[in-house]
Structures are given as structure tokens and as C-alpha cells.
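Undergrad: Provided below are the primary sequence and the corresponding predicted coordinates.
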Amino acid sequence: MIVNVGSKNRVKCEAVREVCRDLFGEVTVNAVSASSGVSHTPVTDDEMIRGAVNRAKKAYQGAPADLGVGLEGGIMPGPYGPILKGWVAVYDGAETHIGSTPGLPLPAYIMEQIGNDRELAHVMEEVCNRRDVRSNEGAFGVLTGNRITRTESFKLALYCAFAPLLNKEIYQKAVPRR
């Protein structure tokens, strides 16, 4: 099986590699540069989903593959403050399936520093005084004390997105009317 990931980010590719090997055994995972077509830090579920779907379809079309996978993170407003979240899309050439990461409260002072060419990754590097947080534990890891890393959060979303492919008989079953 060949899976193209619409990102060159090591963490995203590793999440896809781990989940696909768990689900399908031997798999080749290719990193394909694919634009999301959305803002650098999406601020709604709809925008994150659109970005993930765009990346998945571009990855699938970019080189021969059985599946294209797109991963898109962002920050959305919540009733108790900003929420860090991500979405995954899996595209098989005909259908798209999605799944999301857990939502994690983001401290307001961090959110206030994002914008005007300042991304979450840059702010997190300053907050924890480390370089390249995005390609390591991510904000998820920093904020949860590495209990849920960026890789782990995307793995959860991937398992959710793959559910309709793994359980076709349940997802495609017609429900009898009563």
C-alpha cells in the first residue's frame, strides 16, 4: 500500500506511518508538499477540515498512491477560551473520510501573541524556550506535559478518519425502517 501525506512535516508523517502500519501492515508513506488553501492558522473547524481535505486530495493526485492523507491544525474560539485542535482527511480517489484530534484549551496569553506573521509554533518556542516545537512534541505535548504529543493527537484523528474504511459493513449498512 502506498500512502501520500500532504505535508513534509516529520511529526505528521510519523503519525500517518505509525497508524497505517498498525492498520495495514507494510506500507510506504511518502511526504508530498501540498498547500492547504486555507490561512496559516485556521480558526474554525470548517477551515481546518477544508485544509485537511485539500491536502489529502493534492497528495493523492501528486504521485501514484492508494490513499492521500491531509492533516491540518488550528485554533478555534470556544465558550471557555481558545481551543487547539486538528483535523485529518483520508482520500481514496472517490471518497473522503475525516476525523479530529481532541480539543485542548490554549492559554489566552498565547493566543493573543498569534497573528501578524506570528504562528503558534513560534510563540510556543518562546514560551518553553525550545526550538522547533512543531516538529517535536508540538503545543499538545508542551501543554499536556507530553502526555499527548502532537503525533499522538494526530494518531487519534487518523484512527477516527480510517474507521469508515475499516468497518465498511457498519458504515454502509442500510438501517431498516420500523
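TA: Okay, I see it.
Undergrad: Now residue 36: which helix or strand?
TA: Of the helices and strands defined by DSSP states H and E, none includes residue 36.
Undergrad: so the most centrally placed residue in the chain is in which element?
TA: Taking C-alpha atoms, centre = their mean, the centroid of the chain lies closest to residue 71, which sits 3.1 Å from it. For residue 71, the host element (DSSP H and E) is strand 67-76.
Undergrad: What about residue 153, how many residues nearby?
TA: 28 (other C-beta atoms under 10 Å). For glycine as for every other residue, the C-beta is placed from the backbone atoms N, C-alpha and C.
Undergrad: Then it would be within a strand, right?
TA: No. Counting by DSSP: H, G, I helix; E, B strand; the rest coil, residue 153 falls outside a strand, being helix.
Undergrad: thinking again about what came up before, please give me every residue in contact with the closest residue to the residue nearest to the centre of the chain other than its chain neighbours.
TA: Using C-beta to C-beta, 6 or more residues apart in numbering and skipping residues adjacent in sequence, the residue nearest residue 71 is residue 12, 4.7 Å away. By C-beta atoms under 8 Å, 6 or more residues apart in numbering, the residues touching residue 12 are 5, 71, 154.
Undergrad: And residue 12, what's its pLDDT?
TA: Residue 12 carries a pLDDT value of 95.
Undergrad: Tell me if it really is in a helix.
TA: Yes. Assigned with three-state DSSP, residue 12 falls within a helix.
Undergrad: which helices and strands does the lowest-mean-pLDDT helix or strand in the chain pack with?
TA: Least confident helix or strand of the chain, by mean pLDDT, DSSP states H and E, is helix 120-128 with a mean of 88. If contacts are counted by 3 or more C-beta pairs under 8 Å, 6 or more residues apart in numbering; DSSP states H and E, helix 120-128 sits against helix 108-111, helix 138-143.
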